[in-house]
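Engineer: what follows is a protein structure lacking sequence information:
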């Protein structure tokens, strides 16, 4: 179904951009990674604190949440800071919520105990796929934060019941493509984000027709591409996590 | 695939709740409808203004946008007003954006001319499916607003190139179900919203695993259910719009 | 003093618009009513919660408060949402406070016990007199909420020591008139709101010269008109409350 | 009707507190006055700017508006600043609007020409009656600002078509009283503010039952008291304005 | 180094403007002073409350903090209120923090006990040097508030371990000058604020090149001027505090 | 004056931490650098836009401004985002203003022409001295942005009339020290920031007694240290800028 194509960066339709994980990029955070999908660069920090939000106290359950934001000059032209505008935009809210939901799908809160892990995803440079890079990196940082807790015997069990990765897919000039860069993304007819567990099942599926509505057959092609891309990212995450942290 | 089931309100798995459209519910708005999906009740107003936002002026293109909000006592227990909190929550932002995207998929901006239509969806009572009821009602109100413009010869062509309807589907106690009420929704393992064009193609597909990740087969069952539900809503919208407006 | 007049809707100077109360309009709220004064339509919800704000705890006294807001397309042209603007306007604040004060005038807090009742008045459609319709409807919803508490034996006594109704009066083209619609209101020389107890005494009197200052004689005519209008509304409230709730 | 009384500061029921106007208290403002009603002390500044708000441009009409605020330690215990809270409270909004309305009642906008006058009323010390002291002082500052414009030949005519003064009245321990200090105000059964023109007519009448509703007879007594108090303030304003400004 | 000069108000280069302290200007505040440096006029209120912020409870230590703000018409042209803008500007924040730091340098928190003193500095009229007038006045108000606590035996010791005064210095038309008025300040090449203890040591030194960078020799001349000015203010503060308070 | 010392990281009192500049760290920005002072790591982006703010249009002059912010996990424990809090803290404002002032000291606005350069300093990791690292890096990014403009012939002359560097100094355990890390900074008795031009003159001097006030002799030692540190940074900046940019 997917063939050789002349994508703007020479990739094949089903090919990921170069992906890298620099674990331990921050000295203070319990888990951290600088994740890169091509020129997209996201700094992810996982912060552990003892205790949980008020509404969850005494439940014996932990909590994982996430915040996403872009630096003003991550993009081609500068965007005003949301802190200066005094309000967070809908897009930022939407992505923060997506990352949190994706991670919560692989967490056993009972095993985490009454600990909170906050995942901060700050986009230092954006070239498409910032939300999927964030989720994919967030799993790595989360995993390191859990190791940090484990090493200190602060867990009630094994809180990570699976892994998570995410990738964007889309229809560009009529053809399904994997891992869209900004230029492809902005001319795509359909834009879709797939979040999968390490076992290849879906955690989140989110597709939007930017132009004309799309049919079931195209949807199936996109799902195939996305599942394959996530599987490859799962392998890369496992490899990265097999190394010792470079602090 | 979908059989008789004992749903809490006696419906079959693939059955919609009673749906009604009260067009012309407001005297001032160019288009308006009180849409009901069971006990979910959304007041939709379509407001036409001449001109477009600054960044679009002189383009010859129109603009359609949407805002969604819930009254404080739409739900079982009262929620604080977002106007009092001084900030709009992530959920409100997310749904407002979804409605806008869904409608923009069937609009020909050139034919609309430099006119703006704002669609306000205010949830008067919530019992699950408020976003899908909003989208489904929004198409009806939008259609009436377009008729209002047409009657005044303010259009450059025919701006509505299709219809839009939306429905929620989900996996409840292991079984795929259509049009979840609040109680079903809050215990669902997978929660999905399907937005279709009148021709049965997808405008938006959004599914989330609330519990365990879901496989491709379950996803396919949900897509089948959702497409069938949207087709039924498309018929109901057409029927409602065939009547004269009751102001 | 008040004679036959050619008001824009054919009413006499001292005549109310058609008034209706649809009790139990909402399924979740402990008390609710859709109140209509002509084309003005306000959805009032009374929400009961156990307990009182922190500063009142342990006093044995209850609390009643109110919030008023207009839907964006309640009016002839669309108004921006206050939640989007990030701040509540002075008019909204002023009316919310007026409604709260008016109701607190007929509540025995000791008899209410440490319960809080929040009255939400959301204007679905505005055609003048939204604050007086809100107050008049709020008494009905409050009364139903108190019945709800009584039926559950959650009261320390009888908290309603009277009823409240409210009506607008004004001088239009030199003549005192009752219950101004929007068009009359916007051309009035004097604009006044009268809130009365069921016994015909004043709870709030608020009159403003929009044009030239007004003399004592005109004020007296307005007070006469307002007291008569409130008395009529008191009878209508009693009739409405004598019926069983239609949920 | 009003007799000798043992008020907490020894005044008679119908007696004003000592009132003083220090005109020209500020060096920069076009009009300014430090007005004192007993221990209540309000600094009023009238700022003239050429031009009017955008929505009024080209109309040939001027604009007058007002803002009221309290310093944090104007009161017995310190209040948080509204600038720090990031939002203006309902009371502040309500009073700002009242002052603006009261002044606009005596302005001929055409004669003012396209000039804007902003009246800032900042309460340096509060002991009841801050809104009535503000209005009464605001007229004096406004009058000086108009003189400033007149001296520079910037007016299209005579914009002040009357004077304005305001006073509070109330029922304290069953007796009508004039010009309530804080202690009286906080125990009053009825609290009323009267704004009159120099000719003794009403610009605004605003009365609230803090306890039991009040009847027509009491209302009449309060109106008598208030009209008499305003007449006295009108005389004092005229005297103050007859002096040269002490800058 | 400093000679006779033709400053715009006839002062010598090393001469302060007339300085006055009106203690007890407010009736409610535990300490208050209207401080004047020429036409700059700041109302300072020191408010005592029992207890300390949550993060300091149980420490046995007190807390002193400060807030600075300008009335809208303190300046030559009117500035919008920060409460209306919904956000506090950087300059206001910066000065509030400076005042707090300066005072905390002379407080023994243990001797203060778990009491909080909030210092409000509200600029009624601005003509340069508002931050230094605020600090200099704040010490006087703080001192009175401490006396208030002492008289009520609420102190654990003697919390004031020194005095604080502050003055601005700058280079205007090439010459070092003391206590710049607004006109001098706005044309200064270097603008510096010096905060000294009563013993002549530095609490804060803050100098900025508005034009060309300045050398060490000029810096030394400014430090000499500033230390001398602060010494003079220290004497004036002591004189003012030696008098009984005029309430 | 300054001798060998046992500082916590083994440095001498007058020794800088390792400093590095990674120019061209971002692909989109006209100038960018990742600047490191020991473990303190700041990403600086200089964004060029044609045109200037409204109040400066038509003047022929350019504009340079700056915004500073910390990522939530830059520090030892996580800080809430200012965008979420809906307001920018005083410290953030203060530092943003300091950076802007420092850079404006070496800019010839006429030569810049009507172009705006915004300098964003985002602290990725904080270990003391974030504001001085920001200023020192900002000069490098600004210099690259100016080169970008020069290469496109968009300048009216040579806008950089000097260079800027900044360093912190302080008194720790009685001894003056250069370039404090976080642990030293938090126990310092005096904390000072020195901003110098490349010619060794002062652009900003800002010193605060955290504990006891400090005398003139100590101040002089700190100024010596700071001037020497800035001179060393000036050399490093020149070296870094002599290299071609590594994009």
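Structural biologist: The structure has been received and is ready for your questions. Every value quoted in this text rests on a predicted model; they were computed, and no experiment measured them. Numbers count the residues shown, from 1 in each chain, chains lettered A, B, ... in the order given.
Engineer: for stretch A:167-180, the averaged confidence score.
Structural biologist: For stretch A:167-180, mean pLDDT is 95.
Engineer: for the residue of chain A positioned farthest from its centre, phi and psi?
Structural biologist: In chain A, the residue that sits farthest from the middle, by CA atoms, centre = their mean, is residue A:58; the gap is 30.4 Å. Reported as degrees, to the nearest 10, the phi and psi values for residue A:58 are phi 80, psi 0.
Engineer: same question, residue A:150
Structural biologist: The phi/psi pair for residue A:150 (degrees, to the nearest 10) reads phi -60, psi -40.
Engineer: next SSE downstream of the helix or strand bottoming out on mean pLDDT in chain A?
Structural biologist: Across the helices and strands of chain A, mean confidence by mean pLDDT, DSSP states H and E is lowest for helix A:82-85: a mean of 85. Stepping forward along the backbone from helix A:82-85, the first helix or strand reached (DSSP states H and E) is helix A:90-104.
Engineer: so which residues on chain A come close to chain E?
Structural biologist: Remark: the part of chain A in contact with chain E comprises residue A:86, using CB under 8 Å from any CB of the partner chain. Every C-beta, even on glycine, is put in place using the N, C-alpha and C of the backbone.
Engineer: 10 Å - rerun?
Structural biologist: Counting by CB under 10 Å from any CB of the partner chain, chain A comes close to chain E at A:84, A:86.
Engineer: pLDDT below threshold where in chain A?
Structural biologist: Counting by pLDDT under 70, chain A contains low-confidence ranges at A:1-5, A:246-247.
Engineer: again, 90 this time
Structural biologist: Counting by pLDDT under 90, the low-confidence segments of chain A come to A:1-6, A:8-9, A:82-91, A:93-94, A:105, A:210-212, A:244-247.
Engineer: one step back: distance of the residue farthest from the centre of chain A relative to chain D?
Structural biologist: As defined by CB to the nearest CB, to the nearest Å, residue A:58 lies at a distance of 32 Å from chain D.
Engineer: what segments of chain A are helices?
Structural biologist: According to DSSP state H, chain A carries its helices in the segments A:82-85, A:90-104, A:109-112, A:130-151, A:182-186, A:216-242.
Engineer: redo the ones you listed as JSON lines? Include distance to chain F.
Structural biologist: Conversion of these to JSON lines gives the following (distance: least, CB to the nearest CB, whole Å):
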{"stretch": "helix A:82-85", "distance to chain F": "4"}
{"stretch": "helix A:90-104", "distance to chain F": "8"}
{"stretch": "helix A:109-112", "distance to chain F": "17"}
{"stretch": "helix A:130-151", "distance to chain F": "10"}
{"stretch": "helix A:182-186", "distance to chain F": "10"}
{"stretch": "helix A:216-242", "distance to chain F": "20"}
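Engineer: tell me the most buried of those?
Structural biologist: By mean neighbour count, with neighbours taken as mean count of other CB atoms under 10 Å in any protein chain shown, helix A:130-151 ranks first of those at a mean of 24.
Engineer: which residue, other than its chain neighbours, is closest to residue A:40?
Structural biologist: Beyond its immediate neighbours in the sequence, the residue positioned closest to residue A:40 (CB to CB, 6 or more residues apart in numbering or on different chains) is residue A:127, lying 4.6 Å away.
Engineer: show me the contacts for the one you found.
Structural biologist: Counting by CB atoms under 10 Å, 6 or more residues apart in numbering or on different chains, residue A:127 makes contact with A:9, A:17, A:36-41, A:74-76, A:133, A:180-183, A:185, F:27-28.
Engineer: among those residues, which ones are buried?
Structural biologist: A:17, A:36-41, A:74-75, A:133, A:180-182, A:185, F:28 (16 or more other CB atoms under 10 Å in any protein chain shown).
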